[in-house]
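Novice: Quick one: sequence plus predicted model below, questions after.
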Amino acid sequence: MAAPRKYPDELRERAVRLYRQSEPRPSFKRLAEQLNVHPEALRNWVRQAEADAGERHDRPSTDMVEENRRLAAENAELRRVNEVLRAASAYFASEICQRRVRSDPLATVWD
């Protein structure tokens, strides 16, 4: 489960919009002081917004991160299911082998 967010989404969106619409672009430190947020948080928000808009290629977009999380969870579930199926297959295979040995009258002669 993700940690609770320190800043509301509205503040994040407003901060990114202010940074992107300002000419000349303010420093992250100065704008962060005006908005009463941490400068690194503001920098990360702007970089993520740029990645989401396709302007940056050094980090994944939010949609890609969510898709990766979903696929990782699905992959983990499939691994668990495969492990159960392997165990069940081994169990039933051993049962079949035991039945063949018991039901074959020649099996006791050759053992």
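Specialist: Thanks, I have it.

Novice: Which residue would you name as the spatial centre of this structure?
Specialist: Centrality entry for the chain: nearest residue to the mean C-alpha point is Arg69, 2.0 Å, by Cα atoms, centre = their mean.

Novice: what helices or strands is the host helix or strand of it leaning on?
Specialist: Assigned by DSSP states H and E, Arg69 belongs to helix 62-103. Judged by 3 or more Cβ pairs under 8 Å, 6 or more residues apart in numbering; DSSP states H and E, helix 62-103 is in contact with helix 39-52. For glycine as for every other residue, the C-beta is placed from the backbone atoms N, C-alpha and C.

Novice: Let's test this: name the helix or strand in the protein with the lowest mean pLDDT.
Specialist: In the chain, no helix or strand scores lower on mean pLDDT, DSSP states H and E than helix 107-110, which sits at a mean of 52.

Novice: which stretches of this structure have low pLDDT?
Specialist: 1-2, 99-111 (pLDDT under 70).

Novice: next one: phi and psi at Val16?
Specialist: Taking degrees, to the nearest 10, you get phi -60, psi -40 for the backbone angles of Val16.

Novice: How about it: what's its closest non-neighbour residue?
Specialist: Ala49 (4.6 Å; Cβ to Cβ, 6 or more residues apart in numbering).

Novice: Alright, that wraps it up for me.
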